[in-house]
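S.K.: what's the 3D shape of this:
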Amino acid sequence: MKFLNNFSFPMLIILAILMGIAPFNAEPHLIEKLNMLMAGTLVKPLDIFDLLMHSAPLILLIIKSVLYFTETNKAT
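M.R.: This next block holds a predicted model:
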């Protein structure tokens, strides 16, 4: 996963927070799309893309964290 080495932890954390709470003046899209997913109403391609776009930094942060901690535990 050399691709993830291009992103630092602080940058991914900031991106995950900003994309997770955007837009700032209404209900965040990530929360709205997750509610739609739970209700079974997430059917439009634009809504699916929106969910993926807003959750991508969080997913990358989780994957990078898991890989980092598994490599750290192997070294000790």
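S.K.: Averaging pLDDT per element, find the lowest-scoring helix or strand in this protein.
M.R.: Lowest mean confidence among the helices and strands of the chain (mean pLDDT, DSSP states H and E): helix 2-5, at a mean of 84.
S.K.: Which positions within the following helix or strand past it qualify as buried?
M.R.: On the C-terminal side of helix 2-5, the nearest following helix or strand under DSSP states H and E is helix 9-21. By 16 or more other CB atoms under 10 Å, the buried positions in helix 9-21 come out as 12, 15-16, 19. From N, CA and C alone the C-beta is placed, and that goes for glycine too.
S.K.: If we only consider those, which is nearest to residue 41?
M.R.: Within those, the smallest distance to residue 41 is 21.6 Å, found for residue 19 (CB to CB).
S.K.: Touching, the closest one and residue 33? I think so.
M.R.: No: using CB atoms under 8 Å, residue 19 is not in contact with residue 33; the gap is 11.7 Å.
S.K.: residues bridging contact with the two, i.e. touching both?
M.R.: Common contacts of residue 19 and residue 33 (CB atoms under 8 Å, 6 or more residues apart in numbering): residue 54.
S.K.: Can you tell me how far residue 70 is from residue 14?
M.R.: 24 Å (CB to CB, to the nearest Å).
S.K.: again with residue 63
M.R.: 17 Å.
S.K.: wait, what's in contact with the nearest residue to residue 65 once chain neighbours are set aside?
M.R.: With CB to CB, 6 or more residues apart in numbering as the criterion, residue 65 has its nearest non-adjacent residue at 7.9 Å, and that residue is residue 9. Residue 9 sits next to 61, 64-65 when contact means CB under 8 Å, 6+ apart.
S.K.: And for residue 36?
M.R.: With CB under 8 Å, 6+ apart, residue 36 has these contacts: 42, 47, 51.
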